[in-house]
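need a structure here:
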Amino acid sequence: MSDYKQGVLQGKAGTIARLLVYLTQANKEVLHGVEEIEESKYQQELISFYIDTIAEAYTDLVLNIEDEKVIDKIIDETLDIEAESGVLLRLLNSIKKNAC
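Numbers count the residues shown, from 1 in each chain. Predicted coordinates for the structure are as follows:
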């Protein structure tokens, strides 16, 4: 693979990884704001651990993809729908389906 194509692939994978981290952190903040969870430090720590683990594992999957078509498919499946809600779930499902 040429240096150019390798750079494009790494750029796309990096962008998806950053989107994944952003979305997981945003969801973590929302969950921590729920009144029942806000009052329980144990639940906050558990949610943080769970979300951070998911973000790390899926980010590793994305960054290890070596086929630009797979990255493009993940992008299309995640962002092709006009609805903003459910983006994180679509992204996680697409990564799981295409990168594993």
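
so where's the protein shaky on pLDDT?
83 (pLDDT under 70).

Show me the helices in the protein, by range?
3-33, 35-38, 41-63, 68-79, 87-99 (DSSP state H).

Only C-alpha atoms, please: export the last one in CSV.
This file holds the C-alpha atoms of helix 87-99, laid out as CSV (Å, rounded to 0.1, in the frame of the first residue of the first chain):
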residue,chain,number,x,y,z
VAL,A,87,-25.0,7.0,16.6
LEU,A,88,-22.9,5.4,19.3
LEU,A,89,-24.9,2.2,19.1
ARG,A,90,-24.7,2.1,15.3
LEU,A,91,-21.0,2.8,15.5
LEU,A,92,-20.3,0.0,18.0
ASN,A,93,-22.5,-2.5,16.1
SER,A,94,-20.8,-1.6,12.8
ILE,A,95,-17.3,-1.9,14.3
LYS,A,96,-18.2,-5.3,15.9
LYS,A,97,-19.7,-6.6,12.6
ASN,A,98,-17.0,-5.3,10.2
ALA,A,99,-13.7,-5.3,12.2
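
Going by neighbour count, which residues of that helix are buried?
88, 90-92, 94-95, 98-99 (16 or more other CB atoms under 10 Å). In short, each C-beta sits where N, CA and C put it, glycine included.

Could you do the longest one as well?
Neighbour-count burial for helix 3-33 flags 9, 12-13, 16-17, 19-20, 23-24, 27-28, 31 (criterion: 16+ other CB under 10 Å).

Which strands or helices does it pack on?
helix 41-63, helix 68-79, helix 87-99 (3 or more CB pairs under 8 Å, 6 or more residues apart in numbering; DSSP states H and E).

Tell me what angle the last one forms with helix 41-63.
Between the direction of helix 87-99 and that of helix 41-63, the angle (axes from the mean of the first three to the mean of the last three CA atoms, to 10 degrees) works out to 40 degrees.

Which other helices and strands does helix 87-99 contact?
Packed against helix 87-99, as judged by 3+ CB pairs under 8 Å, 6+ apart, are the following elements: helix 3-33, helix 41-63, helix 68-79.

got the contact list for the shortest one?
Spelled out, it's helix 68-79. Residues outside helix 68-79 that contact it (CB atoms under 8 Å, 6 or more residues apart in numbering) are 5, 8-9, 12-13, 16, 62, 65, 87, 90-91, 93-95, 97-99.
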